[in-house]
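[1] sequence first, predicted coordinates after that:
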Amino acid sequence: MVGREEKAMKTKIIEQVEEMIEMLPPQVRSFINGADKDYEGFWENAALSATNDIYWFKKWDKVFEWNYPTFKWYVGGITNISYNCVDYKVEQGKGSKAAFIFESGDTGQVRTITYAQLLDLVKRYASALRGIGVQKGDRVAIYMPMGIEAAAAVLACARIGAIHMVVFAGFSSGAIADRLDISGAEYIITQDRGSRRGKPTPLKEMVDGAIELLPSREQIKTVVVLRPSKNEVSMKEGRDISWDEFLTKGEGISSDLVRVESNEPLFLMPTSGTTAKPKVTVQNHGGYQVYVYSMARWIYGLRADDIWFCTSDIGWIVGHSYNIYAPLLFGCTSILYEGTPDYPRPDMWWELIERNKVTGAWLSPTGVRGLMGLGIDEARKHDLSSVERIVCAGEVLNPAAWEWLQKEVFEDRIPVIDHMWETETSGPIVGNPYGLGMAPIKPGSAAFPVPGIIADVVDDKDGHSGSNGEKGVLVIKKPFPGLTPMLWGDPERYRKEYWEAKPGTEGSYYAGDSAYKDEDGYIWFTGRADEVIKIAAHRIGTIEIENVLVSHPAVVEAGVAGVPDELRGEVVSAFVVLAKGYSPSEELKKELIGHIRRIMGAIVVVKDIEFVDMLPKTRSGKIMRRVMKSLLTGKELGDLSTIEEEASVDEIKEAVQKVKGGTRITDCV
């Protein structure tokens, strides 16, 4: 695209930005305009304004370098994110302040560690890592539950320039093996077992199984095993060592940090796989720290005096960015919670918020719907007056779930803010800038592209920018500091799947989400682009239908998929989890179908609705609609390593058998 067409597109984007910022306070408008006028200058100022918390041993020589499709930020700058998270905070006098508060729902354990204590622990682990042979650039896999040891191991790797790859504790041996193989990790840190809802999870056993599946078992040099449960586990001589042996190997060895160039890798974060192996995203020290810090400041309003509770797990990108790195960069207190919101009591999260006087919380929409299903009485048992804001991401926060949290739980005292991001982006890309000054909240919308992001919703065939209400896909026009600059070991896949995914998105980052903009510039996400249901030439997002179902008082959660239909192309099949006090019935099913028809019109044709106790979800809380669709259409399920509860698949199988009139579907697993 050259000349006149390129100029016309730039003009349209500027017009859209101006339209959007009319909804924002004046001081926010001028701030956002800064990125449009001088993109590199905007991100240089972001880094410079963060220097009270983010130290550079040497300032960068160049802000941005784009060698399409990959890129670099703060080129030539020398830094270390672990130093900025821990050492720098102790040097600033925060040593006696709580860095992490760890709580386990399963065991009842509560533990606090200060910044000074955390620095000592990180140094011990750094020496121990060197003691087992880990050097700068080596990949270290961490397969541990949420906890202080896991967080300190992450920071210790970063301290010595090693690259950490955290694998969610509970993934299968096959999923671990895939990640070990792709990353080339030679060292593993794990523990004997974990616990979920009181049931033990054999972590070391999973690691042993994963190593057996590797093309070469000799790839793994050392496995370090923490044994908090004191259970006997198999230990391979010459490879496996206890935690005490690990620490002993570090005695007398330097714990000095390694100063790294801004674009040296910090960690690898694999995305969820389908039938293919997972994509392994990469985050670098310099750009990542500036981005997650800036988003925490601008979108979340994070401050040094916050008690911050992010409900994610260390195994996900959210856990990296907003359980560990960003809170420590600000010098606030971050709560690490191991467990679920309803075990062993249905008010676990509310109780934690009251006890710790939490000021800000990050929840997934799945978590909100789960709390909603447990009932308002559980929230009302507790004093939640310390909370100043709630932010939600992971999927669209259904308007009904937003209203419950905003109006029933918090009685409009604080804002409940939906926003959107992905593993690849490391932090928010669409959101309402609470930290700068908010625009009005529109329930169901994630609001606007965040400051510093040049985004649009375009047609994926010809690339034209969508008019008000016209559905398209979200694209980002330029790289930003938090975006993965590569896929580990797979440059062609990075180019094809992100920068040249569709004819109309070539040259822009393809986010993979279907969306539209309204007359005020707000972005409304309707589902993954590959999950859009096409009914008689109408494109309907799965989330649009799910939002309507959840707006009915009988429904606490819904999952929707499209199934083939000879006449219309596709029709809707829905799975519904009922709220307390409601029972499955044919009458309720007809009522829900009528509810969809009244709100969305006759174009949404529903083949069937089935009632289930749970939906298949990833362990990070996303509804696995592809699993539902695969079962409905008789296709193979692909990779289920990220699924939260395998029993949910059995539930959907039974429901599908009803839809199909008893057809056997067990063979497609």
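    Structure received.
[2] contacts only, for the closest residue to residue 522 other than its chain neighbours.
    Sequence neighbours aside, residue 445 is the residue nearest to residue 522 in space, at 4.4 Å (criterion: C-beta to C-beta, 6 or more residues apart in numbering). The way it works is simple: take the backbone N, C-alpha and C, and place the C-beta from them, glycine included. Listed by C-beta atoms under 8 Å, 6 or more residues apart in numbering, the contact partners of residue 445 are 418, 518, 522, 523, 524.
[3] go with 7 Å
    522, 523, 524 (C-beta atoms under 7 Å, 6 or more residues apart in numbering).
[4] also residue 379?
    Applying C-beta under 7 Å, 6+ apart, the residues near residue 379 are 350, 409.
[5] look up phi and psi at the spatially closest residue to residue 481 that is not a sequence neighbour.
    Nearest residue to residue 481, sequence neighbours excluded (C-beta to C-beta, 6+ apart): residue 287, at 3.5 Å. Dihedral pair for residue 287: phi -60, psi -40, per degrees, to the nearest 10.
[6] model confidence for residue 287, exactly?
    On pLDDT, residue 287 comes in at 98.
[7] which sections of the stretch 251-400 of the chain are below the confidence cut-off?
    Along the stretch 251-400 of the chain, the parts satisfying pLDDT under 70 run over 272-276.
[8] what helix or strand does the residue nearest to residue 522 sit in?
    Residue 445 belongs to no helix or strand when elements are defined using DSSP states H and E.
[9] again, but for the one 3 residues further on
    Under the assignment given by DSSP H and E, the secondary-structure element containing residue 448 is strand 448-449.
[10] chain center to that strand, what's the gap?
    Strand 448-449 sits 18 Å away from the centroid of its parent chain (C-alpha atoms, centre = their mean, to the nearest Å).
[11] check which helix or strand the residue nearest the centre of the chain maps to.
    The centroid of the chain falls nearest to residue 318 when counting by C-alpha atoms, centre = their mean (4.3 Å). Element membership of residue 318 [criterion: DSSP H and E] is helix 317-319.
[12] end-to-end on stretch 106-116?
    Terminal residues of stretch 106-116 lie 28 Å apart, using C-alpha to C-alpha, to the nearest Å.
[13] typed the wrong thing, it's stretch 493-511
    Terminal-residue distance, stretch 493-511 (C-alpha to C-alpha): 15 Å.
[14] if we go by neighbour counts, what in that stretch is buried?
    Neighbour-count burial for stretch 493-511, counted by 16 or more other C-beta atoms under 10 Å, picks out 494, 495, 498, 499, 501, 502, 504, 505, 508, 509, 510, 511.
[15] identify the farthest-apart pair in those residues.
    Of all pairs drawn from the buried residues of stretch 493-511, the widest gap by C-beta to C-beta lies between 494 and 504 and measures 19.2 Å.
[16] one step back: buried residues in the helix or strand just after the helix holding residue 318, which are they?
    Proceeding N to C from helix 317-319, the next assigned helix or strand is helix 326-330, under DSSP H and E. The neighbour-count criterion (16+ other C-beta under 10 Å) identifies 326, 327, 328, 329, 330 as the buried residues of helix 326-330.
[17] out of those residues, flag the one nearest to residue 371.
    Nearest member of the buried residues of helix 326-330 to residue 371, counting by C-beta to C-beta, is residue 327, at 22.4 Å.
[18] spatially nearest residue to the closest one, not counting backbone neighbours?
    That would be residue 334: by C-beta to C-beta, 6+ apart, it lies 3.7 Å from residue 327.
[19] now that neighbour: how far from residue 146?
    11 Å (C-beta to C-beta, to the nearest Å).
[20] before we move on, the earlier item: direction included, what does the strand holding residue 448 pair up with?
    strand 430-431 (antiparallel) (DSSP bridges).
[21] so how far is the partner strand from its chain's centroid?
    Distance of strand 430-431 from its chain centroid, counting by C-alpha atoms, centre = their mean, is 14 Å.
[22] mean confidence for it?
    pLDDT averaged over strand 430-431 gives 98.
[23] who's in contact with it?
    Contacts for strand 430-431 (C-beta under 7 Å, 6+ apart): 299, 417, 419, 420, 446, 447, 448, 449, 450, 523.
[24] count of neighbours near the fourth one?
    If I follow you right, that is residue 420. Other residues lying near residue 420 total 26 when counted by other C-beta atoms under 10 Å.
[25] what of the second one?
    Using other C-beta under 10 Å, residue 417 has 25 other residues around it.
[26] closest one of the contacts of strand 430-431 to residue 174?
    Set against residue 174, the nearest of the contacts of strand 430-431 by C-beta to C-beta is residue 420 (30.1 Å).
[27] on the strand side of things, show who that closest one bridges to.
    With DSSP bridges as the rule, residue 420 is bridged to residue 430.
[28] show me the contacts for it.
    393, 429, 430, 431, 446, 525 are the contacts of residue 420 under C-beta under 7 Å, 6+ apart.
[29] need phi/psi at the residue lying closest to residue 461 once chain neighbours are set aside.
    Leaving aside its sequence neighbours, residue 461 sits nearest to residue 504 (C-beta to C-beta, 6+ apart; 5.0 Å). Recorded main-chain torsions at residue 504 are phi -80, psi 0, according to degrees, to the nearest 10.
[30] residue 504 against residue 465, yeah?
    No - if you go by C-beta atoms under 7 Å, residue 504 and residue 465 don't touch, sitting 10.3 Å apart.
[31] anything in contact with each of these two?
    Residues touching both residue 504 and residue 465 by C-beta under 7 Å, 6+ apart: residue 458.
[32] what strands flank the helix or strand residue 113 falls within, and is each parallel or antiparallel?
    Element membership for residue 113, per DSSP H and E: strand 110-114. Take DSSP bridges as the rule and strand 110-114 pairs in its sheet with strand 98-104 (antiparallel).
[33] now the strand it pairs with, how far from the centre of its chain.
    With C-alpha atoms, centre = their mean, you get 21 Å for strand 98-104.
[34] again with stretch 390-404
    With C-alpha atoms, centre = their mean, you get 15 Å for stretch 390-404.
[35] show me what counts as buried in it.
    390-402, 404.
[36] among those, which one sits closest to residue 458?
    Once C-beta to C-beta is applied, the member of those that ends up nearest residue 458 is residue 396, at 19.7 Å.
[37] residues contacting that closest one?
    Going by C-beta under 7 Å, 6+ apart, residue 396 touches 365, 418, 444, 525, 543.
[38] among these, which one lies nearest to residue 459?
    Nearest to residue 459 among the contacts of residue 396, counting by C-beta to C-beta, is residue 525 at 16.3 Å.
[39] what about residue 237, neighbour count?
    If we define neighbours as other C-beta under 10 Å, then residue 237 has 6 of them.
[40] spell out the secondary structure type for it.
    coil (DSSP: H, G, I helix; E, B strand; the rest coil).
[41] the stretch 1-150 of the chain: strands as residue ranges?
    62-67, 70-75, 78-79, 98-104, 110-114, 139-143 (DSSP state E, counting those that start in this stretch).
[42] how is this structure divided into domains?
    79-339, 532-668 (automatic domain parsing).
[43] which one of the ones you listed has the poorest average confidence?
    When I compare those, domain 532-668 is least confident, with a mean of 82.
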